[in-house]
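> here is my input; please provide its structure:
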Amino acid sequence: MTVDVNTAFVIARRENGTFFASTNLNIDFKVEHEATSFDVKLGCSEILNVLTNDDLATLIVAKLAQSSQTDTEKATSSIRQALSDKGIL
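You can find the predicted model right below:
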């Protein structure tokens, strides 16, 4: 089957239960069973969590880099602001 799309990627679950996402559509998958709707929801959720956590970590590191290493209060404030910007605080 051919479907015209704008972009494509794959989310798959390894045998150990971890998920991964790839833009490589030439991966030769050995599929144990057809994905259920639960598999799709869980896989998307796991990948979203990984990406969100990575974005948050990058933001926090950037805020820390802007802060003086000797100014703990300023660094703490920057971290709180970064968490607040992401809607966590």
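> going forward, measure contacts between C-alpha atoms and count neighbours the same way
Noted.
> neighbours of residue 56, how many?
Residues lying near residue 56 (other CA atoms under 10 Å) number 17.
> ok now do it, which residues does it touch?
82-83, 86 (CA atoms under 8 Å, 6 or more residues apart in numbering).
> one more pass at 10 Å, please.
Applying CA atoms under 10 Å, 6 or more residues apart in numbering, we find residue 56 in contact with 50, 62, 82-83, 85-86, 88.
> quick one: the helices in the chain?
37-66, 72-85 (DSSP state H).
> centre-most residue in this protein?
The residue lying closest to the centre of the chain (CA atoms, centre = their mean) is residue 51, at 1.5 Å.
> pull the helix or strand with minimum mean pLDDT from the chain.
Of all helical and strand segments in the chain, the minimum by mean pLDDT, DSSP states H and E falls on helix 72-85, at a mean of 78.
> that one: which residues count as buried?
74-75, 78-83 (16 or more other CA atoms under 10 Å).
> redo these as TSV? Include distance to residue 6.
Below are those laid out as TSV (distance: CA to CA, whole Å):
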residue	distance to residue 6
74	44
75	42
78	38
79	37
80	38
81	36
82	33
83	33
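> which one of those residues is nearest to residue 43?
residue 83 (24.9 Å; CA to CA).
> coming back round to it: what sits against the residue nearest to the centre of the chain?
45, 57.
> quick one: pLDDT of it?
We note a pLDDT of 88 for residue 51 in this prediction.
> again, but for residue 42
The predicted local confidence for residue 42 is 94.
> that one: neighbour count?
Residue 42: 14 neighbours (other CA under 10 Å).
> with distance to residue 12 added, can I get the helices of the chain in a markdown table?
Output for those, formatted as a markdown table (distance: least, CA to CA, whole Å):
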| stretch | distance to residue 12 |
| --- | --- |
| helix 37-66 | 7 |
| helix 72-85 | 30 |
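> ok, which of these comes nearest residue 31?
It is, among the helices of the chain and with distance given as CA to CA, helix 37-66, at 13.0 Å.
> could you check the angle helix 72-85 makes with the closest one?
150 degrees (axes from the mean of the first three to the mean of the last three CA atoms, to 10 degrees).
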